[in-house]
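Peer 1: Build me a model from this:
(one chain, ligands or ions: 1)
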Amino acid sequence: MPFNIIRDDITRVKCDAIVNAANSSLLGGGGVDGAIHRAAGSELLAECRTLGGCDTGDAKATKGYKLPCRYVIHTVGPIWQGGGCGERELLTSCYRRSLELALSLGCESVAFPLISAGVYGYPKEEAVSVAVETIREFLNGQDMDVTLVLFDRSAAAISRSLYDSITEYIDDAYADSHDDSAARMMSANSMAMGAALSEAKPQKPGRMMGLFRKEKGSKKREKNEAVPMMPQPEVLEEVCEEEVSLENYLASRDESFSEALLRMIDERGLTDAETYRKANIDRKLFSKIRSDRGYRPKKQTVLAFAIALELTLPETLSLLSKAGYTLSDSLKFDLIIKYFISRGSYDIFEINRALFAFDQTLIGC
Ligand code: AR6
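Peer 2: As a prediction, the model looks like this:
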């Protein structure tokens, strides 16, 4: 997945480079810096001593030593002083410089902690916004896997007001769907009651015979052979009479997910690269989908394309159905997706922040 948010200890993340939220001496400290030095071993500090420190907003690289990454990129975030001292620009520069350095080192995957959001006091929600915006801008022109590693639950991935608004939407939809199912149960109960009453009447002779209609050309049923109790639908008999082969039937079915996707991309005048980047989908996965007519994607992949193509809710359901999925009002994940689509809000980074905040799987590959 080009952009991912996870909750973890960054010293355990396997990727080409992890980023350290260091101080300008680069000689270690507390927080994530301390954890990285402890996990990497003393050789890391020895190499850091040779670097001559680092300016705020800049980044320098060392090897990863005992860490499961090739490089550690050390960057120095700004100390929060109320927001009027260029903190945002400096924090943006930390992410940008680290990404540029990772690219120049040939890294294909990089993981960031939430720089400046601990000891340096940068408000967490704003720190997440700066991280997401800068990473998004970078990924617009590059293929790289970038992971934002949030350590604690309090690292607000979205604003309180958005969180509350989504919560309200989910609660309302749950309530509606449960009202509906209660109504369905009541009507099912009354139907069952009606059926019970009619069953009490004697069955007309021959009425059940319709249930035993033979398929054309089938052998005579043996005595005592189990008899199917389900009525054979008329349509099945028609299909049998026309002797439609399975091959013909499959050939005549709807366009596949892959065909529908490529058609929609063309209809919107988008390029493949624009589409997979907007969908937070890896280029290799997109090529696989493009070349395999029968490719069966994950639901998160279909939804990522629906967001990239800015599909309406009915269009999204139609694309989902091509891969055998739907959206349910009983699933939090589905409702969060519906929340954004029904508002015409198609920013996959924002949607993924919200999915993360609600502990749901992110969309993309
Ligand atoms: N993995 C991922 N994230 C972590 C981890 C971890 N193991 N440990 C902490 N965090 P901070 P800063 C999160 O204070 O604000 C050091 O002393 C933490 O929850 O580590 O940039 C340096 O030497 C927070 O969200 O870095 C500097 O002097 C985020 O990482 C100073 O702190 C950053 O918190 C830098 O302060």
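Peer 1: what does the stretch 151-300 of the chain have sitting close to the ligand?
Peer 2: The stretch 151-300 of the chain has residues 151-152, 155 near the ligand, with proximity defined as CB under 6 Å from any ligand atom. Every residue, glycine included, has its C-beta placed from N, CA and C.
Peer 1: Neighbour-wise, give me the winner out of these.
Peer 2: residue 155 (21 neighbours; other CB atoms under 10 Å).
Peer 1: I'd say it and residue 124 touch.
Peer 2: Yes. At 5.0 Å, residue 155 counts as touching residue 124 under the criterion of CB atoms under 8 Å.
Peer 1: Find residues that contact each of those two.
Peer 2: 114, 117 (CB atoms under 8 Å, 6 or more residues apart in numbering).
Peer 1: ok, the residues of the stretch 151-300 of the chain next to the ligand vs residue 332, which is closest?
Peer 2: Using CB to CB, residue 155 comes nearest to residue 332 of these, at 19.9 Å.
Peer 1: which SS class is that closest one?
Peer 2: coil (DSSP: H, G, I helix; E, B strand; the rest coil).
Peer 1: got the contact list for it?
Peer 2: Residue 155 neighbours (CB under 8 Å, 6+ apart): 114, 117, 124, 128.
Peer 1: The residue of the stretch 51-200 of the chain found nearest the ligand - how many residues pack around it?
Peer 2: Per CB to the nearest ligand atom, residue 118 is where the stretch 51-200 of the chain lies closest to the ligand, at 2.1 Å. Residue 118: 20 surrounding residues under other CB under 10 Å.
Peer 1: gap between it and residue 44?
Peer 2: Applying CB to CB, to the nearest Å, the value for residue 118 to residue 44 is 19 Å.
Peer 1: again, but for residue 143
Peer 2: Taken as CB to CB, the span from residue 143 to residue 44 is 29 Å.
Peer 1: And those two? Which one has more around it.
Peer 2: Between residue 143 and residue 44, residue 44 has the larger neighbour count (other CB under 10 Å), namely 23 against 13.
Peer 1: how many neighbours does residue 55 have?
Peer 2: Count around residue 55 with other CB under 10 Å applied: 13.
Peer 1: how much space is there between it and residue 31?
Peer 2: With CB to CB as the criterion, residue 55 and residue 31 are 20 Å apart.
Peer 1: Good, we can wrap up now.
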